[in-house]
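# I would like to see how this sequence folds:
(chains A and B)
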Amino acid sequence: MRKTVFAKGMYISDPKMYVLDIELSIGSLSQRVKLKADTGFNGGVFLPESFSEKFDEINIPGYPAPLILADGSRVMARLYLGNIEQIDKYRFDRAISIPIYCYGQGASLIGLELLNRWISEFNGIESYLTLYLMG
Amino acid sequence: MRTELIDRGEIFPLRKLRTEELDLEKPFTMADFLQFYQIFDENLNAIDYEVSELKKLIESLKSRSEAGNRSLELQDKVYENLRELLERDYKNAFVAITYDGKILASNEDNVGLLEKLRELNYPSSQIFICKVGATSVAGWI
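Next comes the predicted model:
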């Protein structure tokens, strides 16, 4: 089976993580966000609560859903249906539907539910996160 | 986890702050900040505004957190009442339940469930989403 590189994420040192430049759309709203690849998060996309306020303004329904944080606490997040239109320079022919969790003031993350769709190769410090499509 | 060095009064205009690492990504960061740092300064008045803004923020975060905890308690009670049915007929599925105990929609994945809910157009404030057999829909952020 052939694998083709379609996107790359940059390594950042503070915090030590890879960042992917992603275009998200939700309802009529489209926005480019930098999402940190977090293999400890088993969901799709995690955004700070401030996005929830933006989505409410354009009447996108957000549903209460419990989420477990790394410290073990269980919190009430809001869950939205969104799409990934583009990663890095690669635009998908058909946008990928994703769950978007909004909670707190923390970082913007992309989790395993999405990273597992492709081959995600972590190439080590000060290098790239490479995403491959199988073909 | 990102940490940031707060010193030399770059963020808060204080001369006597200790140089410490502060976790800026936790919820309640500002509460942690006030609890963690002993703010002693003869020019305390100069930071009155910042302190009062921080206190407002802390109160707002606390009340949001309390509201979240109350919703979780309520959801747990509703789930508990439906547990037998859910664990028999909806094992491992994502379900949308109303607070009066109606199972509105279900799907094996959360995206499918959200698509169904979009079609139903039911008020989002009257529904919660859970994963049968789990205490959360996602986690370990």
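# Strands of the chain, start to end?
This is for chain A. A:3-13, A:16-26, A:29-37, A:45-47, A:63-68, A:74-87, A:90-102, A:109-110, A:119-122, A:128-134 (DSSP state E).
# Let me rephrase: I mean chain B.
Using DSSP E, strands in chain B cover B:3-6, B:20-23, B:94-98, B:103-107, B:127-131, B:138-139.
# Please identify the most buried of the strands of chain A.
strand A:45-47 (a mean of 26; mean count of other C-beta atoms under 10 Å in any protein chain shown). C-betas here are computed from N, CA, C, even on glycine.
# Note down every partner strand of that strand and its orientation.
strand A:90-102 (parallel), strand A:109-110 (antiparallel) (DSSP bridges).
# circling back to that earlier point, which one of the strands of chain A lies closest to residue B:64?
Nearest to residue B:64 among these is strand A:74-87; the distance by C-beta to C-beta comes to 9.1 Å.
# right, quick check: the closest one against chain B, any contact?
Yes: using C-beta under 8 Å from any C-beta of the partner chain, strand A:74-87 reaches chain B at A:74-76, A:79-81.
# residue contacts, the nearest residue to residue A:45 once chain neighbours are set aside?
Spatially, and ignoring its direct neighbours in sequence, residue A:45 is nearest to residue A:100 (4.7 Å; C-beta to C-beta, 6 or more residues apart in numbering or on different chains). Applying C-beta atoms under 8 Å, 6 or more residues apart in numbering or on different chains to residue A:100 gives the contacts A:24, A:26, A:44-47, A:51, A:79-82.
# now do 6 Å
A:45, A:80, A:82 (C-beta atoms under 6 Å, 6 or more residues apart in numbering or on different chains).
# Please name the bridge partners of the first one.
In other words, residue A:45. The partner residues for residue A:45, given DSSP bridges, come to residue A:100, residue A:110.
# Quick check: pLDDT value at it.
Here the pLDDT value assigned to residue A:45 is 95.
# Return the distance of it relative to chain B.
Going from residue A:45 to chain B by C-beta to the nearest C-beta, to the nearest Å gives 10 Å.
# Then residue A:41?
In this view, residue A:41 and chain B are 5 Å apart by C-beta to the nearest C-beta.
# can I assume that residue is in contact with residue A:110?
No: judged on C-beta atoms under 6 Å, residue A:41 makes no contact with residue A:110 at a distance of 8.0 Å.
# starting at the chain centroid, how far to stretch A:93-104?
Here stretch A:93-104 is found 7 Å from its chain centre; the criterion is C-alpha atoms, centre = their mean, to the nearest Å.
# Now do that stretch, average pLDDT.
94.
# and if you look at stretch A:70-78?
For stretch A:70-78, the per-residue pLDDT averages 90.
# How far does that stretch stretch from one end to the other?
Taking C-alpha to C-alpha, to the nearest Å, stretch A:70-78 runs 17 Å from one end to the other.
# pull the longest helix from the chain.
Here I'm looking at chain A. helix A:49-57 (DSSP state H).
# Correction: the question concerned chain B.
Max-length helix for chain B by DSSP H is helix B:48-89.
# Please name every helix or strand in contact with it.
strand A:74-87, helix B:29-36 (3 or more C-beta pairs under 6 Å, 6 or more residues apart in numbering or on different chains; DSSP states H and E).
# and the angle for that helix with helix A:49-57?
Interaxial angle of helix B:48-89 relative to helix A:49-57 (axes from the mean of the first three to the mean of the last three C-alpha atoms, to 10 degrees): 70 degrees.
# about what we covered before: which of the strands of chain B has the lowest average pLDDT?
Mean pLDDT is lowest for strand B:3-6 among these, at a mean of 45.
# which one of the residues of strand A:74-87 next to chain B sits closest to residue A:125?
residue A:75 (31.6 Å).
# By mean pLDDT, flag the weakest helix or strand of chain B.
When each helix and strand of chain B is scored by mean pLDDT, DSSP states H and E, strand B:3-6 comes last, with a mean of 45.
# so what's the closest residue to residue A:114 other than its chain neighbours up against?
Among residues not flanking residue A:114 along the chain, residue A:44 sits closest, at 5.4 Å (C-beta to C-beta, 6+ apart). The contact partners of residue A:44, taken as C-beta under 6 Å, 6+ apart, are A:98-99, A:113-114.
# Sounds good, over and out.
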